[in-house]
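got a predicted structure here, sequence first:
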Protein chains: 2
Amino acid sequence: MYNAKAYSVASSTSPFAPATIARRDLNEHDVRIEILFCGICHSDLHQARNEWSGLMPTVYPCVPGHEIVGRVTKVGPAVTKFKPGDLAAVGCMVDSDGTCPECRAGLEQFCPNFTLTYNFPDKYTGGVTYGGYSDSIVVTEHFVLSVPSNLDLAGAAPLLCAGITTYSPMRHWGVAKGSKVGVVGLGGLGHMAVKFGHAFGAHVVVFTGSPGKKDDAFRLGADEVVISRNAGEMQKHAGSFDFILDAVAAEHDINAYINMLRRDGNITMVGAPEQPLPVSVFGLLFRRRSFSGSIIGGIAETQEMLDFCSRHNIVSDVEVIPIQKVNEAYERLARSDVKYRFSIDMASLKSE
Amino acid sequence: MYNAKAYSVASSTSPFAPATIARRDLNEHDVRIEILFCGICHSDLHQARNEWSGLMPTVYPCVPGHEIVGRVTKVGPAVTKFKPGDLAAVGCMVDSDGTCPECRAGLEQFCPNFTLTYNFPDKYTGGVTYGGYSDSIVVTEHFVLSVPSNLDLAGAAPLLCAGITTYSPMRHWGVAKGSKVGVVGLGGLGHMAVKFGHAFGAHVVVFTGSPGKKDDAFRLGADEVVISRNAGEMQKHAGSFDFILDAVAAEHDINAYINMLRRDGNITMVGAPEQPLPVSVFGLLFRRRSFSGSIIGGIAETQEMLDFCSRHNIVSDVEVIPIQKVNEAYERLARSDVKYRFSIDMASLKSE
């Protein structure tokens, strides 16, 4: 074990403060990464504040962060894909059983025995896993991604969660050149969906409640922007979408969007409203529409996504902050005041 | 125009009574069919009683019936598929525009300009269409199906709605040998889904609230029967189904069934609860599950289903009644007291 620098919270109401955490020494298949940037995901905030206490109660101290980009510093003797000096990344998972049908299908995100990057039982330390708000991390090779060298590293970090979370369902439901794609909510996830939809050659329509986001939506690659409270604008698109990605975690009228789908169209939720959403079955029946959910993506698909981003020069739009501003960033994130993701420059942790 | 005998209701609260209706003379592509049997669908009851007044208000007098089997008596000069004496059937649609993308895809059920078999504007008569509670009907050739001669005609009639409504989504979502399939609700639709699932080679599990239906479910082809209020029995099947067909039109907890689906599993509603169903998004996210709806099927698929039924000797379980008992049958249908479909023997109409 060795000591790593980190920022942690001590309780659901504590601010982040500097901390020292134990990381494991390298095992045969392990890769040790010096963390350069770590994105701040909305899940980090929910977990730090124990807002998912029913589903995944938070164990304190908690070190969040699952949008990790860095440089390999050491590798175990059996590692073949990485060598010191390589750019590398870690997303939401750091392990899985590797043997179940989900793992064999390359869909580790559905493995019943996966290990999440933070706040999850850690079979090596006996405690919980600690995430990327830290100067380094040790992860088994299979869960380490290669970062193409042409990507801006600060902007690449959020690809590991916001990126794959939007890329995966768009691919799964067949978004391609000529598709008509809707994106509901222009935040950390939504703005990535716009970039991907545009890069796939789809006609991208952004639905937002904020007229102020219109120009930005076009800049990100939207072909049209609809203000969701404008019933007339909404009506114009009824029955016309192949796919809609819904990134809104707050309660909202999902039926308005289901009715936007054409025959066999799908709407996928990547946000998770706490309360059940009332779904009108008639809206599903008449065009054989479907309503589904998706979480992140498998490791192979995450690498595919990073390589796609490299070819299309896609990264997240980020506001880079030093770790010392993480508490302020959380306050701003809670009011959606960020365009579109915070990325922590971990060099700032060296001064602690 | 010629006069046909029928049974109609004069208002939402009137009983059925004998009536005379006008049917069109044969056009070039028309087929005239002497109706031998007509199934009673729950939709007939909703429509006769104007219970869908918001969606499709009933025009009186109303002659329901869209599960029609009979014998061709006359054909127009351009008809090529049928000749007098042939067994023929008509389902929920009698026309569509034939030119839209849905029609070109063989999915007439999604044509924005289809004509339903009853209570729909009739472009020939200027009134509304009249359904199968009648001695004859005239339908354009494309919407007339061939009935394989080995099928029992009384039991074949419900295939035209209950049959195709369950066959189509099972095919669409890939039910095949080795699939694990759930059927929620063992009524007119559900009992057909059990027969089809069994014939497809799937492992079929019936969910029912009525322990009394257990033996019948096994007789129809179920491999297992789960009493839905038994939490322990339900839990045993969590996360294990490829596909669930939900035929319950009453309000019920859809999340209990969504949680039964494995990764990428789908649950399709063919019943239409009046009120929106609250859907927990977490249940959809974690296994990339989908929740969808389906209505009937296209004409080509309906013929495919009839031919499949012929090869597997599948018909609906019916209770055959004379038309004079239709009011009593509606009372029983309203309390789900039928195993599993009423089929009206139209010979009884000759005595009126």
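Everything's here; your move.

next one: the nearest residue to A:Thr140 once chain neighbours are set aside from B:Pro148, what distance?
Taking C-beta to C-beta, 6 or more residues apart in numbering or on different chains, and ignoring the residues beside it in sequence, A:Thr140 has A:His29 as its nearest neighbour in space, at 5.0 Å. C-beta coordinates here come from the backbone N, C-alpha and C atoms, glycine included. Using C-beta to C-beta, to the nearest Å, we find A:His29 at a distance of 61 Å from B:Pro148.

residues touching A:Val184, list them.
Counting by C-beta atoms under 8 Å, 6 or more residues apart in numbering or on different chains, A:Val184 makes contact with A:Gly190, A:Phe207, A:Ser228, A:Ile244, A:Leu245, A:Asp246, A:Ala247, A:Val248, A:His252, A:Tyr257.

just the buried ones out of those, please.
A:Gly190, A:Phe207, A:Ser228, A:Ile244, A:Leu245, A:Asp246, A:Ala247, A:Val248, A:His252, A:Tyr257 (16 or more other C-beta atoms under 10 Å in any protein chain shown).

A:Pro18 contacts A:Lys5, doesn't it?
Yes: with contact taken as C-beta atoms under 8 Å, A:Pro18 and A:Lys5 are classed as touching, separated by 7.1 Å.

intersection of neighbour lists for these two?
Common contacts of A:Pro18 and A:Lys5 (C-beta under 8 Å, 6+ apart): A:Glu352.

ok, those two, which is more surrounded?
Each of A:Pro18 and A:Lys5 has its neighbours counted (other C-beta atoms under 10 Å in any protein chain shown); A:Lys5 has more, 18 against 12.

enumerate every residue touching the more buried one.
Contacts were defined as C-beta under 8 Å, 6+ apart; by that measure A:Lys5 touches A:Pro18, A:Ala19, A:Thr20, A:Ser134, A:Asp135, A:Leu349, A:Lys350, A:Glu352.

pipe the contacts of A:Val184 into TSV and attach pLDDT, distance to A:Asp152 and secondary structure per row.
Conversion of the contacts of A:Val184 to TSV gives the following (pLDDT from 0 to 100; distance: C-beta to C-beta, whole Å; DSSP: H, G, I helix; E, B strand; the rest coil):
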residue	pLDDT	distance to A:Asp152	secondary structure
A:Gly190	97	20	helix
A:Phe207	97	28	strand
A:Ser228	92	31	coil
A:Ile244	98	29	strand
A:Leu245	98	24	strand
A:Asp246	97	28	strand
A:Ala247	96	22	coil
A:Val248	93	27	coil
A:His252	91	33	coil
A:Tyr257	97	33	helix
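
please identify which of these is nearest to chain B.
Each of these was scored against chain B by C-beta to the nearest C-beta, and A:Asp246 proved nearest at 9.2 Å.

who's that closest one bridged to?
A:Val184, A:Met269 (DSSP bridges).

my read: A:Thr129 touches A:Met93, true?
No: contact criterion C-beta under 8 Å: A:Thr129 and A:Met93 do not qualify, at 9.9 Å.

what do the two both touch?
Taking C-beta under 8 Å, 6+ apart as the contact rule, the neighbours common to A:Thr129 and A:Met93 are A:Thr115, A:Leu116, A:Thr117.

a markdown table for the residues you listed, including distance to chain B, secondary structure and pLDDT?
Putting the shared contacts of A:Thr129 and A:Met93 into a markdown table (distance: C-beta to the nearest C-beta, whole Å; DSSP: H, G, I helix; E, B strand; the rest coil; pLDDT from 0 to 100) gives the following:
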| residue | distance to chain B | secondary structure | pLDDT |
| --- | --- | --- | --- |
| A:Thr115 | 16 | strand | 98 |
| A:Leu116 | 13 | strand | 98 |
| A:Thr117 | 17 | coil | 98 |
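
got a winner among those residues for most neighbours?
Neighbour max across those (other C-beta under 10 Å) = A:Thr117, 26 neighbours.

OK, contacts around that one?
With contact set as C-beta under 8 Å, 6+ apart, A:Thr117 has these partners: A:Gly65, A:His66, A:Ile68, A:Val90, A:Gly91, A:Cys92, A:Met93, A:Val94, A:Thr129, A:Gly131, A:Gly132.

the helices in chain A, which residues?
Listed from the start of the chain, chain A has helices (DSSP state H) covering A:42-48, A:101-104, A:153-156, A:162-172, A:188-200, A:214-220, A:231-236, A:254-258, A:281-285, A:299-312, A:326-334.

out of those, which comes closest to chain B?
helix A:281-285 (3.1 Å).

what residues of that closest one count as buried?
With burial defined by 16+ other C-beta under 10 Å, the residues of helix A:281-285 counted as buried are A:Val281, A:Phe282, A:Gly283, A:Leu284, A:Leu285.

now those residues in TSV, with distance to B:Leu261?
Below are the buried residues of helix A:281-285 laid out as TSV (distance: C-beta to C-beta, whole Å):
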residue	distance to B:Leu261
A:Val281	17
A:Phe282	22
A:Gly283	20
A:Leu284	16
A:Leu285	19
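
picking up where we left off before, for the shared contacts of A:Thr129 and A:Met93, which one is nearest A:Ser343?
Nearest to A:Ser343 out of those is A:Thr117 (C-beta to C-beta; 16.1 Å).

for that closest one, which non-adjacent residue is spatially closest?
A:His66 (4.1 Å).

now the one you found: how far from A:Ala4?
16 Å.

more neighbours: which of those two?
A count of neighbours by other C-beta under 10 Å puts A:His66 above the other of A:His66 and A:Ala4, at 26 against 20.

select the longest strand from chain A.
Under DSSP state E, the strand in chain A containing the largest number of residues is strand A:30-40.

quick one: distance of that one to the chain centre.
A distance of 15 Å separates the C-alpha centroid of strand A:30-40 from that of its chain, computed with C-alpha atoms, centre = their mean, to the nearest Å.

same deal with stretch A:278-294?
From the chain centre to the centre of stretch A:278-294 is a distance of 25 Å (C-alpha atoms, centre = their mean).

so what's the residue nearest to A:Thr117 up against?
A:41, A:43-44, A:90-92, A:116-118, A:131-132, A:160-161.

make TSV from those and add distance to B:Arg341 to it.
Shown next, in TSV, are the contacts of A:His66 (distance: C-beta to C-beta, whole Å):
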residue	distance to B:Arg341
A:Cys41	53
A:Ser43	50
A:Asp44	55
A:Val90	58
A:Gly91	52
A:Cys92	50
A:Leu116	50
A:Thr117	55
A:Tyr118	56
A:Gly131	58
A:Gly132	60
A:Leu160	54
A:Cys161	51
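
ok, residues contacting stretch A:99-112?
Looking at stretch A:99-112 with C-beta under 8 Å, 6+ apart, the contacting residues turn out to be A:92-93, A:96-97, A:113-114, A:143, A:295-301, B:263, B:286-288.

now it: mean pLDDT?
Mean pLDDT, computed over stretch A:99-112, is 97.

what's the neighbour count on A:Arg311?
By the other C-beta under 10 Å criterion, the neighbourhood of A:Arg311 contains 10 residues.

go on, A:Asn255?
Here the count is done by other C-beta under 10 Å, and A:Asn255 has 18 residues near it.

can you check A:Asp317 too?
If we define neighbours as other C-beta under 10 Å, then A:Asp317 has 18 of them.

and what of A:Arg335?
Residue crowding around A:Arg335 was assessed by other C-beta under 10 Å; the count is 7.

what do you get for A:Ala78?
Using other C-beta under 10 Å, A:Ala78 has 10 neighbouring residues.

pretty sure it sits against A:His29.
Yes: counting by C-beta under 8 Å, A:Ala78 sits close enough to A:His29 to count as a contact (5.1 Å).

which residues do these two both contact?
With C-beta under 8 Å, 6+ apart as the test, A:Ala78 and A:His29 both reach A:Glu141.

identify the residue nearest the one residue in the stretch 51-200 of chain A that gets nearest to chain B in space, chain neighbours excluded?
Sorted by distance to chain B under C-beta to the nearest C-beta, the residues of the stretch 51-200 of chain A start with A:Phe110, at 4.7 Å. Residue nearest to A:Phe110 in three dimensions, not counting chain neighbours: A:Glu102, with 4.1 Å by C-beta to C-beta, 6+ apart.
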